[in-house]
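[1] model this:
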Amino acid sequence: MLGRRQIREKVIENTYAYYQNPIDHTVAEKNLFSSISKIFSLYIYELNFFLGLRHLAEEQIEIHRKKFFKSPSAIHPHEKFIQNKILLRIENNPERISFTEKHKELVWDLHEDILLKTFQKMIAGKRYQDYIKEPHASFFEDQKFIGKIFLRYMAENEDFHSFLEDKELGWSDDFHIANSMIQKTIGFMQEDKDDLTLLKMLKDEQDREFAKNLLKFTLENCKTTEKILEQRLENWGIDRISLLDKIILVTAISELDHFPLTPSKVIINEYIEISKVFSTEKSNIFVNGILDKYTKDKNRN
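    Numbers count the residues shown, from 1 in each chain. Now for the predicted structure:
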């Protein structure tokens, strides 16, 4: 689920695209919500990666069962993995099934190189070996194991990120959001509740309206806001600041002007944090200084 900061990030990304290629504002709005929906596709694709690993384990079991001399040690560890309670809930989730059926491109090919390599690394790794030592696992142990697998082989795996970026260029900006959603999905599961509700991209209609209006006010007033910004640049022309810093400030000033119920300190802190992630090393100091001066000039609380 997108928090308000992530919504602000998506508005900034789409405003940046608008500055590069001005388009009709209604199209820009459609692009905004399309970019948000793509995060959900990434979220499902990552959930399906777990199931790709599970299906490879099932495949290995079938291969060993067909052998004349069967090795119980080769079969049982995989059986424990495919019976992992977290994996079963992901596998059987109706929302995931329905969305994947409509978007077949989110199903993992079991011969995909990144999936095969991850499976081999996983079963050879210490985490997996420790997990399979005992024939049975509690719900908490299953949950903890999948959480570790996710961090090691997906969230912290640059090769995995590169693969996803090659598949969908826009996903490169969304890894941190989708990864946070995966962690919450795993962590929110409870043993006494069999159902699993997938996270939504926007919490409610209020968040949708916030995203829509923040983009609308930013684009409609960008020229006026640039003049406001330029007035507060001491011995600097607006053309001397980076485009991204300018867009962060234009969006922040638009929010300060058009969302009076949100305290200025909250808005300023949000855009400072965004500048730390998306812009240059000292941008947060610059953003803080400009926005602090603007709120004092406007007597904005």
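[2] pLDDT weak spots in the stretch 1-150 of the chain?
    Under the criterion pLDDT under 70, the flagged ranges of the stretch 1-150 of the chain are 66-77.
[3] need the longest helix for this protein.
    Assignment by DSSP state H gives helix 25-66 as the longest helix of the chain.
[4] which other helices and strands contact that helix?
    Where contact means 3 or more Cβ pairs under 8 Å, 6 or more residues apart in numbering; DSSP states H and E, helix 25-66 is packed against helix 4-20, helix 72-82, helix 85-92, helix 94-102, helix 113-124, helix 139-150, helix 175-188, helix 205-220. C-beta coordinates here come from the backbone N, C-alpha and C atoms, glycine included.
[5] the same query, at a cut-off of 7 Å, please.
    Judged by 3 or more Cβ pairs under 7 Å, 6 or more residues apart in numbering; DSSP states H and E, the packing partners of helix 25-66 are helix 4-20, helix 72-82, helix 85-92, helix 94-102, helix 113-124, helix 175-188, helix 205-220.
[6] mind putting the ones you listed into JSON lines with distance to residue 252 and mean neighbour count?
    Below are those laid out as JSON lines (distance: least, Cβ to Cβ, whole Å; neighbours: other Cβ atoms under 10 Å):
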{"stretch": "helix 4-20", "distance to residue 252": "8", "mean neighbour count": "20"}
{"stretch": "helix 72-82", "distance to residue 252": "47", "mean neighbour count": "16"}
{"stretch": "helix 85-92", "distance to residue 252": "38", "mean neighbour count": "18"}
{"stretch": "helix 94-102", "distance to residue 252": "34", "mean neighbour count": "13"}
{"stretch": "helix 113-124", "distance to residue 252": "38", "mean neighbour count": "15"}
{"stretch": "helix 175-188", "distance to residue 252": "20", "mean neighbour count": "18"}
{"stretch": "helix 205-220", "distance to residue 252": "9", "mean neighbour count": "18"}
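[7] just so I know, which of those helices lies nearest residue 268?
    Closest to residue 268 of the helices and strands packed on helix 25-66 is helix 4-20 (Cβ to Cβ; 12.0 Å).
[8] dump the C-alpha coordinates for the closest one into PDB.
    Once non-C-alpha atoms are left out, helix 4-20 reads as follows in PDB (Å, rounded to 0.1, in the frame of the first residue of the first chain):
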ATOM      1  CA  ARG A   4       1.400   9.600   1.400                       C
ATOM      2  CA  ARG A   5       5.200   9.800   0.900                       C
ATOM      3  CA  GLN A   6       5.100   7.200  -1.900                       C
ATOM      4  CA  ILE A   7       2.200   9.000  -3.500                       C
ATOM      5  CA  ARG A   8       4.200  12.200  -3.400                       C
ATOM      6  CA  GLU A   9       7.100  10.300  -5.000                       C
ATOM      7  CA  LYS A  10       4.900   9.100  -7.800                       C
ATOM      8  CA  VAL A  11       3.500  12.700  -8.400                       C
ATOM      9  CA  ILE A  12       7.100  14.000  -8.600                       C
ATOM     10  CA  GLU A  13       8.100  11.200 -11.100                       C
ATOM     11  CA  ASN A  14       5.100  12.000 -13.300                       C
ATOM     12  CA  THR A  15       5.700  15.800 -13.000                       C
ATOM     13  CA  TYR A  16       9.300  15.200 -14.100                       C
ATOM     14  CA  ALA A  17       8.000  13.300 -17.100                       C
ATOM     15  CA  TYR A  18       5.700  16.200 -17.800                       C
ATOM     16  CA  TYR A  19       8.500  18.700 -17.800                       C
ATOM     17  CA  GLN A  20      10.400  16.500 -20.200                       C
END
